[in-house]
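Peer 1: I'd like to go over a predicted model; first the sequence, then the structure.
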Amino acid sequence: MAGEERGSGSGTDVLIRKVDSHVAALRAGLQGPELELAERLAGCLRELVASTAQASAADRAQVRAAVHYFVLRRESRGRLLSVRSLAAAQQLINRAAAQLGRPDLIVEGRGARSAVIAAADTAVRP
């Protein structure tokens with residue numbers, strides 16, 4: 001049992017470190033609204049990781065997938081995310097937040113909140 005607690009805590013720490021190191025790299029290449037969006041997405045992911053640390057395996061997997069998408073998504077012409085990739089990550093992260101019952105974490109921008117909530121409602125309904 002103690003091993004399980006330790007494992008979930010270290011998994012949480014690993015995900016948060018991945019987010020933090022990625023944002024640190026983005027700070028070197030982004031500025032203005034793009035950097036602000038990346039910072040807000042990272043904050044959302046940190047909160048989702050922390051709030052699902054003791055949640056079901058399915059919920060944790062959804063958050064882990066969102067973290068990996070944000071961290072690993074690369075464009076072929078450079079090592080940092082483009083604005084387009086940030087928008088794609090924003091949609092995925094917002095969808096995860098809505099599906100996990102955390103609409104308060106949805107990152108605003110270009111009507112993101114209403115579109116994501118509608119999509120999550122549709123996904124939940126039979």
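Peer 2: Received it, and whenever you're ready, just let me know what you need.
Peer 1: can you give me the helices for this structure?
Peer 2: Secondary structure of the chain by DSSP state H: the helices cover 2-29, 32-51, 57-72, 83-99, 112-124.
Peer 1: want to throw these into a markdown table with distance to residue 106 and mean neighbour count?
Peer 2: Glycine gets a C-beta too; all of them are placed from N, C-alpha and C. Listed next are those as a markdown table, based on distance: least, C-beta to C-beta, whole Å; neighbours: other C-beta atoms under 10 Å:
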| stretch | distance to residue 106 | mean neighbour count |
| --- | --- | --- |
| helix 2-29 | 17 | 14 |
| helix 32-51 | 8 | 18 |
| helix 57-72 | 12 | 17 |
| helix 83-99 | 5 | 20 |
| helix 112-124 | 5 | 14 |
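Peer 1: Distance to residue 105 and mean pLDDT for those - can I get that in a markdown table?
Peer 2: Shown next, in a markdown table, are the helices of the chain (distance: least, C-beta to C-beta, whole Å; pLDDT from 0 to 100):
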| stretch | distance to residue 105 | mean pLDDT |
| --- | --- | --- |
| helix 2-29 | 13 | 78 |
| helix 32-51 | 5 | 95 |
| helix 57-72 | 11 | 94 |
| helix 83-99 | 4 | 88 |
| helix 112-124 | 10 | 47 |
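Peer 1: Tell me how far residue 53 lies from residue 44.
Peer 2: 15 Å (C-beta to C-beta, to the nearest Å).
Peer 1: my bad, residue 20
Peer 2: In terms of C-beta to C-beta, residue 20 sits 13 Å off from residue 44.
Peer 1: Then residue 69?
Peer 2: 13 Å.
Peer 1: Common neighbours of the two, please.
Peer 2: Counting by C-beta atoms under 8 Å, 6 or more residues apart in numbering, the contacts common to residue 69 and residue 44 are residue 93.
Peer 1: need the contact list for residue 50.
Peer 2: Going by C-beta under 8 Å, 6+ apart, residue 50 touches 12, 16.
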